[in-house]
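*Asks:* Sharing a model prediction with you, sequence too.
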Amino acid sequence: MRFSVRSAAAVFAVLVAGSPHAGAQTFPSLDVHFVVGFAAGSGPDTIARFVAEKMRGKLNRTIIVENKVGAIGNIATEYVARAKPDGHTLYITGGNALAASGHLFKNPPVDVSKAVELVATLSRQPVMLVVGPNSPAKTLPELTALIKAKGDKAAYGTAFPSARVAGAMYKKLANINATEVQYRTSKDWVNDLTSGAVDFAFIDATSGVGLATEGRLRVIALTRSHFPAPIFWADIALAAALSAIAGIWI
């Protein structure tokens with residue numbers, strides 16, 4: 001698994017009073033905590049654990065990965081914002097999740113523009129539009145036709161802010177009527193996708209590639225066309241329409 005800071009988009013945030021002024025010559029003087037606002041096994045969690053493993057050897061310190069799930073990342077954001085500002089609590093999250101907080105909640109628990117500071121970017125990935133392995137739809141036009149035929153009986157799954165944005169944009173651009181079903185994590189809707197309880201879903205690429213390789217879902221479209229992964233999907237037409245709006249920042 002490779003991550004590029006230059007091509008990046010993962011937000012690696014730390015408390016404002018932390019990193020640059022936290023005693024650079026002695027840092028880290030304590031164990032480091034990685035806080036992830038998504039569930040264990042999710043894309044951001046996978047990235048966090050990968051980076052933590054690499055950093056343990058470099059820093060010669062224990063790095064603890066903590067999952068603080070809920071409220072579209074707000075629980076984790078508030079936890080980090082209230083942590084001691086010594087640079088030892090690092091927040092790995094999605095930029096879109098942070099941005100969405102101020103718009104999806106009337107009274108966000110913290111002002112992210114003041115509570116956290118960007119330290120580094122880790123990974124830039126697309127959102128994937130996927131269907132179940134037994135779905136008759138193999139391309140985006142076929143899926144669109146299928147959803148239009150089902151009318152208001154169609155449903156789709158989301159589990160993070162970028163997925164919600166991508167879903168809303170797809171519905172508007174394709175002029176379809178489908179009910180959004182929100183799940184705690186992306187993997188929570190996999191069985192519903194397989195059974196047909198939801199017709200399609202949106203997932204981050206880190207999780208999506210693995211599930212597609214296992215044959216548990218089929219990738220129909222991406223929100224970016226230049227994703228360096230095996231091209232086992234047939235149609236990336238969604239990329240041009242959504243990449244500037246709903247590309248996921250992990």
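*Replies:* Arrived safely.
*Asks:* how about the helices in the protein?
*Replies:* With helices called from DSSP state H, the chain shows them at 43-59, 74-81, 95-104, 112-115, 140-150, 161-174, 190-195, 205-213, 238-246.
*Asks:* what's the domain layout of the chain?
*Replies:* The record's domain parsing of the chain by automatic domain parsing lists 10-123, 126-249.
*Asks:* got JSON lines for these, with mean neighbour count too?
*Replies:* C-betas here are computed from N, CA, C, even on glycine. Converted to JSON lines, those look like this (neighbours: other CB atoms under 10 Å):
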{"stretch": "domain 10-123", "mean neighbour count": "18"}
{"stretch": "domain 126-249", "mean neighbour count": "19"}
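*Asks:* For residue 206, see how far away residue 197 is.
*Replies:* Residue 197 sits 24 Å away from residue 206, going by CB to CB, to the nearest Å.
*Asks:* same check, this time on residue 28
*Replies:* Distance of residue 28 to residue 206, given as CB to CB: 26 Å.
*Asks:* now do residue 139
*Replies:* From residue 139 across to residue 206, the span is 24 Å (CB to CB).
*Asks:* hmm, back to that, for the helices of the chain, which one sits closest to residue 220?
*Replies:* With CB to CB as the measure, helix 140-150 is the member of the helices of the chain nearest residue 220 (5.5 Å).
*Asks:* which helices and strands does that closest one pack with?
*Replies:* strand 127-131, helix 161-174, strand 218-222 (3 or more CB pairs under 8 Å, 6 or more residues apart in numbering; DSSP states H and E).
*Asks:* what angle separates the last one from helix 140-150?
*Replies:* With axes from the mean of the first three to the mean of the last three CA atoms, to 10 degrees defining the directions, strand 218-222 sits at 100 degrees from helix 140-150.
*Asks:* Mind giving me the packing neighbours of strand 218-222?
*Replies:* Checking 3+ CB pairs under 8 Å, 6+ apart, strand 218-222 ends up next to strand 127-131, helix 140-150, helix 205-213, helix 238-246.
*Asks:* try it again with 6 Å
*Replies:* Packing partners of strand 218-222 (3 or more CB pairs under 6 Å, 6 or more residues apart in numbering; DSSP states H and E): strand 127-131, helix 140-150.
*Asks:* Would you list the strands that the shortest one pairs with, along with their directions?
*Replies:* I take that to be strand 127-131. Applying DSSP bridges to the sheet, strand 127-131 is found paired with strand 200-204 (antiparallel), strand 218-222 (antiparallel).
*Asks:* Any chance of TSV for those, columns mean pLDDT and distance to residue 152?
*Replies:* What follows is those, written out as TSV (pLDDT from 0 to 100; distance: least, CB to CB, whole Å):
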stretch	mean pLDDT	distance to residue 152
strand 200-204	93	15
strand 218-222	86	21
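*Asks:* In a markdown table, list these along with distance to residue 131.
*Replies:* Output for these, formatted as a markdown table (distance: least, CB to CB, whole Å):
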| stretch | distance to residue 131 |
| --- | --- |
| strand 200-204 | 5 |
| strand 218-222 | 5 |
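*Asks:* Need the nearest residue in space to residue 164, chain neighbours excluded.
*Replies:* Nearest residue to residue 164 in three dimensions, chain neighbours excluded: residue 158, at 4.9 Å (CB to CB, 6 or more residues apart in numbering).
*Asks:* Identify the residues contacting that neighbour.
*Replies:* Contacts for residue 158 (CB atoms under 6 Å, 6 or more residues apart in numbering) come out as 164, 167, 180, 182, 202.
*Asks:* What is the nearest of the residues you listed to residue 99?
*Replies:* The closest of the contacts of residue 158 to residue 99 turns out to be residue 164 (CB to CB; 12.3 Å).
*Asks:* Poorly predicted segments of the protein, please.
*Replies:* By pLDDT under 70, the low-scoring segments of the chain are 1-25, 100-104, 224-250.
*Asks:* Recalculate using a threshold of 50.
*Replies:* Scanning the chain for pLDDT under 50 picks out 1-18, 21-23, 225, 227-250.
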